[in-house]
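**Q** Sharing a model that was predicted from the sequence below.
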Amino acid sequence: MNYWTKEEYLRFIEGMKDNNKYYYALEILYWCGLRTGEVLALTESDFNFAHHTVSITKSFQIIDGAEVITKPKTINGIRTVTVPMSLCEQLKEYVGQLNDGERLFLYARQRLYKELKKGIQISGVKGIRLHDLRHSHESLLIHMGYSAFEIAKREGHKSERVTYYYAHMFPGVQENMAERLDAERSDGIE
């Protein structure tokens with residue numbers, strides 16, 4: 001499994017800042033830990049900007065050459081993720097510039113991967129895959145001291161045993177994660 005440290009990610013994303021079309025998709029992948037298909041399926045209606053959350057209920061795929069919106073990878077993939085406040089505010093502005101109801105990112109994973117590769121070349125960080133941004137998010141949360149169970153809930157992992165364990169969790173864990181991620185993100189923004 002490959003991943004970037006926060007410092008590597010910040011070096012990478014610095015070169016992507018002027019390209020909103022890809023910048024925000026990459027930001028969501030890293031700071032929220034979503035799967036690529038989940039990010040590519042997002043529409044304005046998935047966001048609750050007042051509560052700084054995004055609802056994950058679908059995934060974008062290309063199947064037999066056709067663009068298709070499917071259900072998330074697992075039943076636990078249907079979830080609400082709290083977004084770091086600073087990112088949520090930027091997304092609110094970005095989403096306001098788009099046509100209501102359309103996907104926020106009107107391209108496929110291959111196009112996003114090409115942009116990732118360009119950013120890697122520009123920044124000089126080690127090469128990773130798009131899915132490794134999810135691993136980078138998980139690594140950051142582990143480094144911040146969150147348990148595997150808390151992370152699994154945020155990530156929408158499928159283990160039934162882990163899901164059973166979550167029954168006792170209170171909703172504040174997601175908000176605390178997003179607040180701490182916001183502080184980490186703000187550290188890197190000048």
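**A** Perfect, I can see it now.

**Q** Scan the helices and strands of the chain for the one with the lowest mean pLDDT.
**A** The weakest-scoring helix or strand in the chain, judged by mean pLDDT, DSSP states H and E, is helix 160-165 (a mean of 42).

**Q** what does the helix or strand just after that helix rub up against?
**A** Next in sequence after helix 160-165, counting helices and strands by DSSP states H and E, comes helix 172-188. By C-beta atoms under 8 Å, 6 or more residues apart in numbering, the surrounding residues in contact with helix 172-188 are 6, 9-10, 13, 31, 52, 80-87, 140-141, 144, 146, 150, 153-154. No exception for glycine: its C-beta is placed from N, CA and C like everyone else's.

**Q** Buried residues, helix 172-188. List them.
**A** Val173, Gln174, Met177, Ala178, Arg180, Leu181, Asp182, Glu184, Arg185 (16 or more other C-beta atoms under 10 Å).

**Q** At which residues are the helices of the chain located?
**A** 6-14, 20-32, 36-40, 85-96, 109-123, 131-143, 148-155, 160-165, 172-188 (DSSP state H).

**Q** Which of the ones you listed has the highest mean neighbour count?
**A** helix 36-40 (a mean of 24; mean count of other C-beta atoms under 10 Å).

**Q** what's that helix in contact with?
**A** The contact list for helix 36-40, computed with C-beta under 8 Å, 6+ apart, reads 25, 28-29, 56, 58-61, 70, 72-73, 77, 103, 105, 107-109, 112, 130-131.

**Q** Sort out which of those residues are in strands and list them.
**A** Ile56, Ser59, Phe60, Gln61, Thr70 (DSSP state E).

**Q** how many other residues sit next to the closest residue to Cys32 other than its chain neighbours?
**A** Excluding its sequence neighbours, the residue lying closest to Cys32 (C-beta to C-beta, 6 or more residues apart in numbering) is Val81, at 5.3 Å. Using other C-beta atoms under 10 Å, Val81 is surrounded by 22 other residues.

**Q** For Val81, give the beta-bridge partners.
**A** When bridges are called by DSSP bridges, Val81 pairs up with Val54.

**Q** how far away is it from Leu87?
**A** Remark: distance between Val81 and Leu87 (C-beta to C-beta, to the nearest Å) = 11 Å.

**Q** now the chain, which segments are flagged as low pLDDT?
**A** 158-172, 189-190 (pLDDT under 70).

**Q** mind redoing it with 90?
**A** 1-2, 18-21, 73-77, 96-102, 138-139, 141-180, 184-190 (pLDDT under 90).

**Q** If anything else comes up later, I'll come back, but that's it for now.
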